[in-house]
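1. Got a predicted structure here, sequence first:
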Amino acid sequence: MEEDRESEELKQCLEIIPDDVTIDAIPLSTKSQTIVDYKIYKEWKKSFFQIIRADGNSQMYLTFGKMLKNFNREDLEVLLSIVKARFKKTEPVNYMDNFLLLNLKTMFEHHIEDSVWKNQ
């Protein structure tokens with residue numbers, strides 16, 4: 001009797017989904033977390049880019065090239081928007097901030113005046 005009652009309760013809790021319904025889902029473990037901020041971290045004479053993700057994790061990069069290998073285009077576009085927002089009203093005073101801003105701008109905003117594009 002008790003098992004019948006439990007099975008009836010379970011049947012009431014279950015909702016039957018028709019066969020023609022599909023769900024397109026990406027597991028969170030495979031989707032990269034969005035970049036929310038960055039910092040320049042200095043240790044002795046070395047400077048690192050500290051990239052902070054939405055889930056609270058951060059990663060340190062010594063060179064811009066290593067960062068490029070680990071990022072996809074979406075990550076770089078988000079990072080560019082963060083850097084541009086930070087320096088919208090002021091100019092970067094830190095060499096690393098200026099380096100990051102100029103390299104990201106060169107990658108996404110092609111200007112004919114840029115020396116990189118003049119030499120092409």
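-> Perfect, I can see it now.

2. Now residue 107: closest residue in space, sequence neighbours ignored.
-> Spatial nearest neighbour of residue 107, chain neighbours left out: residue 76 (6.8 Å); criterion: CB to CB, 6 or more residues apart in numbering. Placement of C-beta: from N, CA and C, glycine included.

3. Could you say which helix or strand holds the one you found?
-> helix 73-86 (DSSP states H and E).

4. Which SSE is immediately downstream of that helix?
-> Helix 73-86 is succeeded, C-terminally, by helix 95-108 (DSSP H and E).

5. residues of that next one that come out buried?
-> 96, 97, 100, 101, 103, 104 (16 or more other CB atoms under 10 Å).

6. Same check on stretch 75-89?
-> Within stretch 75-89, the residues scored as buried using 16+ other CB under 10 Å are 75, 76, 79, 80, 82, 83.

7. ditto for stretch 33-40
-> Across stretch 33-40, burial judged by 16+ other CB under 10 Å covers 35, 38.

8. phi, psi of residue 35?
-> Phi and psi for residue 35, reported as degrees, to the nearest 10, are phi -80, psi 130.

9. ok, now how distant is it from residue 72?
-> 11 Å (CB to CB, to the nearest Å).

10. any shared contact partners between these two?
-> With contacts defined as CB atoms under 8 Å, 6 or more residues apart in numbering, no residue is shared by residue 35 and residue 72.

11. Doesn't residue 47 lie inside a strand?
-> Yes. Per DSSP: H, G, I helix; E, B strand; the rest coil, residue 47 lies within a strand segment.

12. okay, now it: neighbour count?
-> Neighbours of residue 47 under the rule other CB atoms under 10 Å: 15.

13. how near is the residue lying closest to it once chain neighbours are set aside to residue 63?
-> Spatial nearest neighbour of residue 47, excluding adjacent residues (CB to CB, 6+ apart): residue 96 at 4.9 Å. In this view, residue 96 and residue 63 are 11 Å apart by CB to CB.
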